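have a look at this fold, sequence not included:
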């Protein structure tokens, strides 16, 4: 079994290496067969998917955990970090999603990227991304997880900036990279604290530590910072890292810009897999979060507010991919809310269902953009229902799943999350629930706004849209079908189901046996009424979208005309980007330019800053002011510094 | 006698070049570069051979020579930097139409001076070594004497350096006045109690070595000199000089534990000032060479952060973690910066241009090897995981956290925050290089670079392998990501 486990990342790495080689080959002017590149690119994830199924089937026999050791990476004193891989139920869920949906997206890409130059480079990066993603979920310790965490970020950067000739896209890639680094610093500090506290970065080791008497006492003890316990401090720092990768407030700003990359990349990286890494990490360390109600509460509130806030921003977008980007931020908010309750199966279930419907929606939007000749503005679409029937059907089905129409998948996963948040018994849980509940209305509205604007009415553009090639509509159809039925894995008990998914993940959730006993007999009544209300909210959202965009198409214009300022604010994404620029980016830049460059450099060494390029000017200045004048400044500063040093220590 | 084999290798190579130059006369001596490279590489190998024996320190030459692991490691790094520089120089000098054999003689003697400076626990010995290397470097900075910037760099370095040496000697005198000896073990035994005289002396030594390390506010010379000097020499100065100055300063600080408590805060604030000024200034540069000059000031700041942790760590038996962190940092930084300067020296045009960010545009298709080398070096300087630079900075981070947790007051937390914030700033300008090479179009017209020799390419590739291997590789023959920790710890033992 260990071999199958190792083969998953290795197959993907081999695919990346082969395609990288083809890419270099074609860069030297030699021709490379497109078919060969496509076969290699799709065979790697398909093989990995087959191996993932093997691992999944063999898991029960192996006692719920399969481990394999590659080699010892760092071993210094008491710090031992091995490149070890492990798979348990949680990993298997992620692996099947990554390789399964990943394979479909690779197949879709072969048709989508048909006209692009440098396709081998594209597929190489896509394979490499999938490799790092599997490393991220397979890591036996946090250091290996971090390698995957950084690796997917790097590949995301490469793929967003794929059309690097376009400077706007290159900037978007850079922005994603830099924002994620801000998150990574929190993550790194957390890793360090965890190692100092538990003496290991191994998941099993940390869990053993967190459940031992002494370890529990230390983790619950004070950390010395703002009165937080050690567990809270570590949990919050890790969540800080997760807000970067999983695009939560306040670090979500990179995701909408990341839509500059090719659409299949958005489907794979920015919807189905990478952005859920933060959710996976919190789920993986659920035993740590169980020790810190403060960290759990923070996650629930931040996640809830993110889901609502991003939903509002999605309302006013006209770019089809931007709508999906904000909707992704909002949906990851639901996942975080789910894992934040401590019952991680709820959040993980939404990871799975979301992977299906959001990947289908992204691929569908890619088809629409492809058909409309790179038009992304929904105001120039419409009436595509007749021209692209398959795409229309797939996207409508997925949108309905996301809006929570029973019995499609989104209905089951979202309700599970909202119920768990509601019955969590804390104020944070209630806030998270309220935000998520209102967000459900917005979700239904903006998704069907997208559907009606794209497929309803008559065509408003100037291209000649047509149905996309077979590999494209078939893959999106397969995903939409999955989005429709995968929900039956998690039918709750009150609807006569068995919650197969929840039971599957039970071994990794410590308090599975007694979920929220506090509610007792009311629980069933509460669950029923919550479910009914969110169905009502979903249907209300869809009806409102129908009313506003089909029945009375002039209505949205009239409404926005009445509240121009509010509409502009929402359309401009609450100007958060501008606020960040004004408060963080500009001051740093101007500090660099004004204070240090002008004050220290130019003030003292006038003109020399331009260096070799202006030797003539330099000589002119040297002749007029005298070389010694400049050097006197240097030496003066030095002597002054020495004197200050002496005075401060001796005086 | 066997203690000085590395010195002999250097001096013999220098003599061979000098004699041969006499015989060939004014028409130049093309083999000078290879001879110097072989001499420095041989000295490097001989230093490595001394490593095993150096576990038990040996003294010789009337107490002027001390062979211990700290000194051997620093010497080996200086020899390595010298060998790489000797490989890069011929390309650089020939393109500028120069074929100067004396440059290589100076280079070899500077390395010998560096070794003398770190392989001693006698302050006069260290000072003689320091002057040997300084005088040689003044001349090397001005090696391209037709280029005004080069001459100016040499002159500036000389004049400011003379002041710094004066301060250093004054410090030596004060320490001698207080302890009655120049020998560090004797000083350690005598100065058990703090005295104003000795404290002032130590602070002046700090200024003198801080000048060589380009610590703010003693850094003013560095950007001009680094930019004006021939590019391979800049690479040499920004690595080898830092290695030996840091090692010598560590020896002094290690021998004066009675004063640690009094100077730790001053060193800490110097560190904060140095990282901040270095990184913020680097952000605003147009020339990559000048950016790297400021970046090297920033890296000196990270070293000073580790010095502060070193001073605050109680003297115990066994190895000192902050000292190991400094040595680890020096190894990683030396290899990385050498790689970066190897690429810059290959890209520079005959008239010293071609090193702005715009000039790097589209480098990935013009020269994939150079672009990839610079990419890896930038990632390592930015301390991105899986590179040597990451583990090095992680070490500094670790010792600061250790101090912050075990000492009272927020001082070390402030240092920690400075480290983290500056690492983020650093990322911005290192990534700018990568973005220029991989995402910007080639400049019009293209800078007139000349073809790069296979040897330079090979050195680039070797340095890339070293950076990745020392950052993430398994141990082979005791070297690897993990082996580097052991070596740094052994040197600090």
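Sure, I can see it. Since the model is a prediction, treat every value here as computed from it, not as a measurement.

contacts, neighbours, all on C-alpha from now
OK.

let me know the secondary structure of the closest residue to chain B within the stretch 351-500 of chain A.
Among the residues of the stretch 351-500 of chain A, residue A:374 lies nearest to chain B; the distance is 22.2 Å by C-alpha to the nearest C-alpha. Of the three states, residue A:374 takes coil according to DSSP: H, G, I helix; E, B strand; the rest coil.

residue contacts, it?
Residue A:374 makes no contacts at all, as judged by C-alpha atoms under 8 Å, 6 or more residues apart in numbering or on different chains.

okay, it and residue A:365: tell me how far apart.
Residue A:374 sits 11 Å away from residue A:365, going by C-alpha to C-alpha, to the nearest Å.

show me what the helix ranked longest in chain B is packed up against.
Counting residues, the longest helix in chain B under DSSP state H turns out to be helix B:148-179. Judged by 3 or more C-alpha pairs under 8 Å, 6 or more residues apart in numbering or on different chains; DSSP states H and E, the packing partners of helix B:148-179 are helix A:627-650, helix B:123-141, helix B:184-190, helix B:196-212, helix B:221-228.

out of the ones you listed, flag the one nearest residue A:33.
With C-alpha to C-alpha, the closest approach to residue A:33 among those belongs to helix B:221-228: 48.0 Å.

how far off centre is that closest one?
With C-alpha atoms, centre = their mean, to the nearest Å as the basis, helix B:221-228 stands 15 Å off its chain's centre.

same thing with stretch A:545-553?
On the basis of C-alpha atoms, centre = their mean, stretch A:545-553 is displaced by 32 Å from the centre of the chain it belongs to.

what's the end-to-end length of it?
10 Å.

and the residue of the stretch 351-500 of chain A closest to chain B, how far is that from residue A:262?
According to C-alpha to C-alpha, residue A:374 stands 11 Å off from residue A:262.

what does residue A:460 give?
Separation of residue A:460 from residue A:262 (C-alpha to C-alpha): 24 Å.

how deep is residue B:135 tucked in, by neighbour count?
Other residues near residue B:135 number 18, with proximity taken as other C-alpha atoms under 10 Å in any protein chain shown.

then residue B:446?
The number of residues packed around residue B:446, counting by other C-alpha under 10 Å, is 11.

would you say it is within a helix?
No - assignment of residue B:446 by three-state DSSP gives coil, placing it outside any helix.

so for the helix or strand that residue B:327 is a member of, mean pLDDT?
Of the helices and strands defined by DSSP states H and E, residue B:327 is found in helix B:321-347. When pLDDT is averaged over helix B:321-347, the result is 94.

how far out from the middle of the chain is it?
Here helix B:321-347 shows a centroid-to-chain-centroid distance of 7 Å under the convention C-alpha atoms, centre = their mean.

the helix or strand following it and chain A, any residue contact?
Downstream of helix B:321-347, the next assigned helix or strand under DSSP H and E is helix B:363-366. No - no part of helix B:363-366 sits close enough to chain A to count as contact by C-alpha under 8 Å from any C-alpha of the partner chain; the gap is at least 8.5 Å.

picking up where we left off before, of residue A:460 and residue A:262, give the one with the bigger neighbour count.
In this view residue A:460 and residue A:262 are compared by other C-alpha under 10 Å, and residue A:262 has more residues nearby, 19 against 14.

quick check, pLDDT for the closest residue to the more buried one other than its chain neighbours.
In space, residue A:262 comes closest to residue A:160 once its chain neighbours are excluded; the distance is 7.1 Å by C-alpha to C-alpha, 6 or more residues apart in numbering or on different chains. Turning to residue A:160, the model gives it a pLDDT of 80.

if I look at residue A:160, how far off is residue A:150?
Between residue A:160 and residue A:150 the distance, using C-alpha to C-alpha, works out to 15 Å.

of the two, give the one with the bigger neighbour count.
More neighbours surround residue A:160 than the other of residue A:160 and residue A:150, with 27 against 23 (other C-alpha under 10 Å).

isn't the more buried one right up against residue A:170?
Yes - A contact is recorded between residue A:160 and residue A:170 when judged using C-alpha atoms under 8 Å, the distance being 7.4 Å.

helix or strand right after the strand or helix carrying residue A:26?
Element membership for residue A:26, per DSSP H and E: helix A:2-27. Helices and strands here follow DSSP H and E; after helix A:2-27, the next one along the chain is helix A:34-58.
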